[in-house]
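Trainee: quick one: sequence plus predicted model below, questions after.
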Amino acid sequence: MPGLLVAASAALIAWLAHLALPAVPMLTAAVALGIVVGQIPALRPALAGSLAPGLRIAARRLLRLGIVLLGLKLSLVDIAALGWVSIATTIGVVVLTFVGTIGLGRAFGLPGHQPLLIASGFSICGASAIGAMGAAVRARDEEQAVPVALVTLCGTLAIAVLPALWRPLGLSSTGFGHWVGAGVHDVGQVVATAQIAGTTALAVAVVVKLTRVLMLAPMVAITAAVERRKPTDAAGPHPAIVPLFVAGFLAAVLLNTLVPLPEWLLTGADQLQTVLLTMALFALGASIRLGELASTGWRALVVGLTSWVLVAALAYGAVLLG
């Protein structure tokens, strides 16, 4: 309970920060707060002691529940309305960024599952994808913390950088929305970036972004299938090809597509999903130790920034093709 209460308190603080600065998404504020807390020496004994069990539950179980509820944001009807060209180019951006980032991470010698997790976050849907992929391959919380910090950093930079490039690149408001949806990582960051160009851009950006979110299930399933081919080690038995929370995510997508759910239910689920993910990302942020990353963290930073440029460039090309 102590760790969960701290995570819930952090979610409240992140919400207040979002109210004060609407351009800063709650999830971004939560990660930043967690990183700050994790650097305070006086708090580290508590983080590693009495708070650790609750923070571990927040970083794992609450994150998975949040991903399941994320499925209620998606409707296959809305995605189909984009047209096959937009859908195909969006899928292409996801796959090319995913493969390219993994290759880049391995070339820079990033340890463990970091290349896979960074690729998942930058190509699919930010910290949610990192948590989903981390759960599928049984990555340690420490392995997930750095990719979460990177995707939060770059997504925050996108909120400032992409609007500045909107006019110089000659994009219409609709084209800008498509570019943001295909090139920015987290859903909250997409909303914060696209709303600058108006409601039409925001609507397009959200639908394109949710098309990328839908790629979470097949990408996790394929990765889990690849993991099953590796020898079993001390981490335990092979992961399921489709983890239970991913099956729940798909069930939520189908439910929202096939059943006319009341608005109050969707609104409540959206708010609960935001709270769960905010608590989870605070817990992941609190596990980051910047001092320990100083010697090797530059490699992950280079991979993250390069992946960000890659996804933005591919997304811009997708807009031109569309």
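Mentor: Structure's in. What do you need? Numbers count the residues shown, from 1 in each chain.
Trainee: name all residues that make contact with Ala145.
Mentor: Leu284, Gly285, Ser287, Ile288 (CB atoms under 8 Å, 6 or more residues apart in numbering). C-beta coordinates here come from the backbone N, C-alpha and C atoms, glycine included.
Trainee: compare the residues you listed and tell me which is most surrounded.
Mentor: Leu284 (31 neighbours; other CB atoms under 10 Å).
Trainee: find the centremost residue of this structure, please.
Mentor: With distances taken as CA atoms, centre = their mean, Gly126 lies nearest the centre of the chain, 1.9 Å away.
Trainee: how close does it get to Pro25?
Mentor: Taking CB to CB, to the nearest Å as the criterion, Gly126 is separated from Pro25 by 10 Å.
Trainee: list residues touching both of those two?
Mentor: Residues touching both Gly126 and Pro25 (CB under 8 Å, 6+ apart) are Asp186, Gln189.
Trainee: just for this structure, where's the confidence low?
Mentor: By pLDDT under 70, the low-scoring segments of the chain are 228-243, 289-297, 322.
Trainee: which residue sits farthest out from the middle of it?
Mentor: Going by CA atoms, centre = their mean, the residue of the chain most distant from its centre is Ala42, 30.0 Å out.
Trainee: phi and psi next, for it.
Mentor: Main-chain dihedrals, Ala42, degrees, to the nearest 10: phi -70, psi -20.
Trainee: how much space between it and Ala269?
Mentor: 38 Å.
Trainee: what does Ala127 give?
Mentor: 19 Å.
Trainee: repeat for Thr223
Mentor: From Thr223 across to Ala269, the span is 27 Å (CB to CB).
Trainee: can you check Ile196 too?
Mentor: 27 Å.
Trainee: those two: who's more crowded?
Mentor: Neighbours per residue, other CB under 10 Å: of Ile196 and Ala269, the larger number sits with Ala269, 19 against 16.
Trainee: how about the one helix or strand Leu150 maps to: buried residues?
Mentor: In the assignment (DSSP states H and E), Leu150 maps to helix 141-166. For helix 141-166, the neighbour count (16 or more other CB atoms under 10 Å) marks 141, 143-156, 158-159, 162-163, 166 as buried.
Trainee: okay, whichever helix or strand comes after it in PDB with CA atoms only?
Mentor: Next helix or strand after helix 141-166 toward the C-terminus (DSSP H and E): helix 173-183. Below are the C-alpha coordinates for helix 173-183, written out as PDB (Å, rounded to 0.1, in the frame of the first residue of the first chain):
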ATOM      1  CA  SER A 173      -3.900  21.600 -41.100                       C
ATOM      2  CA  THR A 174      -5.100  18.100 -42.100                       C
ATOM      3  CA  GLY A 175      -1.600  17.200 -43.300                       C
ATOM      4  CA  PHE A 176      -0.100  18.500 -40.100                       C
ATOM      5  CA  GLY A 177      -2.600  16.400 -38.100                       C
ATOM      6  CA  HIS A 178      -1.600  13.300 -40.100                       C
ATOM      7  CA  TRP A 179       2.100  14.000 -39.600                       C
ATOM      8  CA  VAL A 180       1.700  14.400 -35.900                       C
ATOM      9  CA  GLY A 181      -0.400  11.300 -35.500                       C
ATOM     10  CA  ALA A 182       2.100   9.200 -37.500                       C
ATOM     11  CA  GLY A 183       5.200  10.700 -35.900                       C
END
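Trainee: from here on, count from 331
Mentor: Got it, the first residue is 331 from now on, which makes the last one we talked about helix 503-513.
Trainee: what is the subsequent helix or strand relative to helix 503-513?
Mentor: As assigned by DSSP H and E, the chain's next helix or strand after helix 503-513 is helix 517-524.
Trainee: so that next one versus helix 503-513, what angle?
Mentor: Relative orientation of helix 517-524 versus helix 503-513 (axes from the mean of the first three to the mean of the last three CA atoms, to 10 degrees): 150 degrees.
Trainee: contacts for helix 517-524?
Mentor: Residues external to helix 517-524 that are found in contact with it (CB under 8 Å, 6+ apart): 352-358, 400, 403, 455-456, 458, 485-486, 488-489, 492-493, 506-507, 510-511, 514, 531-532, 534-536, 539-540, 543.
Trainee: filter the residues you listed to the buried ones?
Mentor: 354-358, 400, 403, 455-456, 458, 485-486, 488-489, 492-493, 506-507, 510-511, 514, 531-532, 534-536, 539-540, 543.
Trainee: helices along the stretch 531-652 of the chain, start to end?
Mentor: Assigned by DSSP state H, counting those that start in this stretch, the helices in the stretch 531-652 of the chain fall at 546-558, 574-588, 593-616, 620-623, 627-651.
Trainee: any buried residues in the longest one, and which?
Mentor: It stands for helix 627-651. Under the neighbour-count criterion of 16+ other CB under 10 Å, helix 627-651 has 627, 629-630, 633-634, 636-638, 640-642, 644-649 buried.
Trainee: same question for the third one.
Mentor: Of the residues in helix 593-616, those with enough neighbours to count as buried (16+ other CB under 10 Å) are 599, 603-616.
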